[in-house]
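**Q** Please find the sequence and the predicted model below.
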Amino acid sequence: MRPLCRSAQAPRPHSGSLRSMDIEVFVEGVPDVKITRDIQHRLQEVCKSIYRCGDWSVLVAPSEDARGQWDLGIRGPTGQRVVSFSTDLDQLPVQVAEQLRACF
């Protein structure tokens, strides 16, 4: 599959650095608040090192198709993508971050 957004933004005048992507994170179906916060934190950390144009949103939710699977939905300025994977709840933050990193 092609990346959702290939071009990095040009450096802003007076800043001299690239703007990291803006991301909004939604987590559904995770009963543990600590795990939800860890997912949000890890995704924000991944995005600090990824330079993509525009605003992005990420949804983590239990898969409707298979028990024990999770869906990672990524939406950006040029399209959307859904990745499904299996993992235990306690490993969900690590796996979500790895899946997002692999998409870029």
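**A** Structure received.
**Q** how about residue 73, what does it touch?
**A** Neighbouring residues of residue 73 by Cβ atoms under 8 Å, 6 or more residues apart in numbering: 58-61, 80-82. Any C-beta I mention is one placed from the backbone N, CA and C, and that applies to glycine too.
**Q** try 7 Å this time
**A** Contacts of residue 73 were listed using Cβ atoms under 7 Å, 6 or more residues apart in numbering, and they are 58-59, 80, 82.
**Q** Which of these has the largest number of neighbours?
**A** When neighbours are counted by other Cβ atoms under 10 Å, residue 58 leads those with 23 neighbours.
**Q** That residue: what's it in contact with?
**A** Residue 58 touches 23, 25, 43, 72-74, 100, counting by Cβ under 7 Å, 6+ apart.
**Q** Can you list the buried residues in whatever helix or strand it lives in?
**A** Using DSSP states H and E, residue 58 sits in strand 55-62. Across strand 55-62, burial judged by 16 or more other Cβ atoms under 10 Å covers 56, 58-60.
**Q** same thing with stretch 65-85?
**A** Buried residues in stretch 65-85, counted by 16+ other Cβ under 10 Å: 70-72, 74-76.
**Q** Kindly reformat the contacts of residue 73 as CSV containing distance to residue 34 and pLDDT.
**A** Converted to CSV, the contacts of residue 73 look like this (distance: Cβ to Cβ, whole Å; pLDDT from 0 to 100):
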residue, distance to residue 34, pLDDT
58, 19, 92
59, 19, 94
80, 28, 93
82, 26, 94
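**Q** Just the closest of the residues you listed to residue 66, please.
**A** Nearest to residue 66 among the contacts of residue 73: residue 82, at 13.0 Å, using Cβ to Cβ.
**Q** what's the closest non-adjacent residue to that closest one?
**A** Leaving aside its sequence neighbours, residue 82 sits nearest to residue 73 (Cβ to Cβ, 6 or more residues apart in numbering; 4.9 Å).
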